[in-house]
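[1] Can you look at this prediction? I've put the sequence above it.
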Amino acid sequence: MSAADAGERATLLCVPFAGAGPSFFHPWREPAAGRWRVTAVELPGRERRLMQEPYRNVVEAAKNEIDRVAADLGPGTRTVLFGHSLGAVLAYELTHLLLARGVPVQGLVVSGSPGPWTQRERRAAGLRGDEFLARVEEFAGFRHEALDHPEMRELILPALQADCEMHEAYRPSTDTPVPVPICSLRGDHDGLVTAEEARQWRDATTAGFHYTELPGDHMYLVDHGPQILDVIEAHSTVPN
């Protein structure tokens, strides 16, 4: 059952990757029209919440933001969650919390992420300055041009460092799988997450599981928004 077939449009709740904010997903709104209302989690330390202290713990972030997220979704809204990298594990925690509140979650789409019980071996947390940025650039496969401007770098860096810290220290709040379908996506040239690791999400659900690769590296989603939306529509909703 696609969102368009359900009578009432569902919501696609996007959870940003490290250092990113909701505006990354704004270009998804047009190709998603008629299928979902696209909204995104806005964490402290970026965009409209720039001056707030960023989180350093994924489980704490999910628990503290769940009221804001639920209010944005509205009562009874059918929801699909999408998260990339850090956003994947935060979306997983939010899925548990939304289900506990009775929010109808139709699917969880995780991207560029090993299963929630697997930690990254090489880390950026604890590094400083250019060494930190070089490691993040290595992980992501690209360097954000804003980091080359001293004023923008000063604004972005605290949230990016905090995000890396909380991602690399993540431990799931529960070992209980979610009873919703999970779709795991990966760039076919991702040097950070292997295909085997991306398939580990199979153990995080008691419902259906689907794995898909799209062309690109770890940040493949920058260029493949419409294709990602098509995959989400095909594989992340509960059939009639």
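    Received the coordinates, thanks.
[2] Just checking, which helix or strand of the protein averages the lowest pLDDT?
    helix 129-140 (a mean of 66; mean pLDDT, DSSP states H and E).
[3] next structured bit after that one?
    helix 150-168 (DSSP states H and E).
[4] Please put the alpha-carbon coordinates of that next one into CSV.
    The C-alpha trace of helix 150-168 is given here as CSV (Å, rounded to 0.1, in the frame of the first residue of the first chain):
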residue,chain,number,x,y,z
PRO,A,150,36.1,30.4,9.1
GLU,A,151,32.9,32.0,10.3
MET,A,152,30.7,29.2,9.0
ARG,A,153,33.1,26.6,10.3
GLU,A,154,32.9,28.1,13.8
LEU,A,155,29.1,27.8,13.7
ILE,A,156,29.0,24.2,12.2
LEU,A,157,31.9,22.6,14.0
PRO,A,158,30.4,22.2,17.6
ALA,A,159,27.3,20.3,16.3
LEU,A,160,29.3,18.2,14.0
GLN,A,161,31.7,17.2,16.8
ALA,A,162,28.9,16.4,19.1
ASP,A,163,27.1,14.4,16.5
CYS,A,164,30.1,12.3,15.8
GLU,A,165,30.6,11.7,19.5
MET,A,166,27.1,10.6,20.1
HIS,A,167,27.1,8.4,17.0
GLU,A,168,30.3,6.6,17.8
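[5] List the contacts of the helix or strand following it.
    The first helix or strand that comes after helix 150-168 along the chain, using DSSP H and E, is strand 182-187. With Cβ atoms under 8 Å, 6 or more residues apart in numbering as the test, strand 182-187 has contacts from 107-113, 193, 195, 198-199, 201-202, 204-205, 207-221, 228, 231-232, 235-236. Backbone N, C-alpha and C define where each C-beta goes, glycine included.
[6] Can you give me the buried ones in the helix or strand harbouring E30?
    Here E30, judged by DSSP H and E, is contained in helix 29-32. By neighbour count on 16 or more other Cβ atoms under 10 Å, the buried set for helix 29-32 is A32.
[7] same check, this time on stretch 36-56
    36-47, 54-56.
[8] And the host helix or strand of A71, what does it pack against?
    Using DSSP H and E, the element containing A71 is helix 58-73. Taking 3 or more Cβ pairs under 8 Å, 6 or more residues apart in numbering; DSSP states H and E as contact, the helices and strands that helix 58-73 lies on are strand 10-15, helix 86-100, helix 150-168.
[9] Quickly compare the ones you listed and say which is most buried.
    strand 10-15 (a mean of 26; mean count of other Cβ atoms under 10 Å).
[10] which element follows the helix holding A71 toward the C-terminus?
    Assigned by DSSP H and E, the successor of helix 58-73 is strand 79-84.
[11] what's next to that following strand, contact-wise?
    3, 10-17, 36, 73, 89-92, 94-95, 98, 103-113, 221, 228, 232, 236-237.
[12] Can you tell me which residue is spatially central in the chain?
    Most central in the chain under Cα atoms, centre = their mean is G83, positioned 1.7 Å from the mean C-alpha point.
[13] circling back to that earlier point, of the buried residues of stretch 36-56, which is the nearest to V69?
    V41 (6.2 Å; Cβ to Cβ).
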